[in-house]
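>>> Kindly generate the corresponding structure for this input.
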Amino acid sequence: MKKLSRKEEELMQVIWDLEKAFVKDAIEHLPDPKPHYNTIATLMKRLEEKGYLAHTEYGGSYEYYPIVGKENYKQTFMKKVLNTFFDNSYLNMLAYFAKEEKISPEEMKELVKMIEKDKK
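You can find the predicted model right below:
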């Protein structure tokens with residue numbers, strides 16, 4: 001699975017949320033300033049070439065839909081981040097976020113509760 005650019009990820013978020021979209025539908029759901037139609041059409045075609053989207057044709061118009069799920073994408077790239085930056089250690093990753101104050105002690109306690117609940 002190829003890593004997506006920031007713009008491609010932004011567009012995939014829209015398509016994952018909508019479940020299927022014509023170019024104009026995707027544009028409506030993107031933040032301002034709205035990109036040009038041709039820009040989004042090109043990105044959708046590129047996403048299809050990368051294996052993230054497929055389309056159904058309706059008289060010359062393409063309705064795109066995801067063939068890679070959001071969870072699958074997230075899991076693949078989180079594993080890569082975990083391996084590349086944290087020596088494949090969840091403990092190292094959590095310690096990083098705690099050290100950088102990105103997660104509070106209260107959130108850590110909540111996380112422990114969630115883990116314990118899932119193991120029961």
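>>> All the helices of this structure, residue numbers only.
Using DSSP state H, the helices of the chain run over residues 6-18, 23-29, 37-49, 70-86, 90-99, 105-119.
>>> Which one of those helices lies nearest to Ser61?
Ser61 lies closest, by Cβ to Cβ, to one member of the helices of the chain: helix 23-29, at 8.3 Å. Every residue, glycine included, has its C-beta placed from N, CA and C.
>>> and the closest one, what other elements does it pack with?
Here helix 23-29 touches helix 6-18, helix 37-49, strand 61-66, going by 3 or more Cβ pairs under 8 Å, 6 or more residues apart in numbering; DSSP states H and E.
>>> For it, give the mean pLDDT please.
Across helix 23-29, the average pLDDT comes to 96.
>>> buried residues in that helix?
23, 26-27 (16 or more other Cβ atoms under 10 Å).
>>> okay, and for the protein, where does confidence drop off?
For the chain, the stretches flagged by pLDDT under 70 are 120.
>>> tell me the domain boundaries of it?
The record's domain parsing of the chain by the TED database lists 6-66, 89-119.
>>> Deepest in the core, which of those domains is it.
domain 6-66 (a mean of 15; mean count of other Cβ atoms under 10 Å).
>>> Could you save the domains of the chain as TSV and add columns showing distance to Lys74?
Listed next are these as TSV, based on distance: least, Cβ to Cβ, whole Å:
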stretch	distance to Lys74
domain 6-66	10
domain 89-119	14
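>>> Figure out which of these is closest to Val81.
Comparing the domains of the chain by Cβ to Cβ, domain 89-119 comes nearest, at 8.0 Å.
>>> Cool, thanks, talk later.
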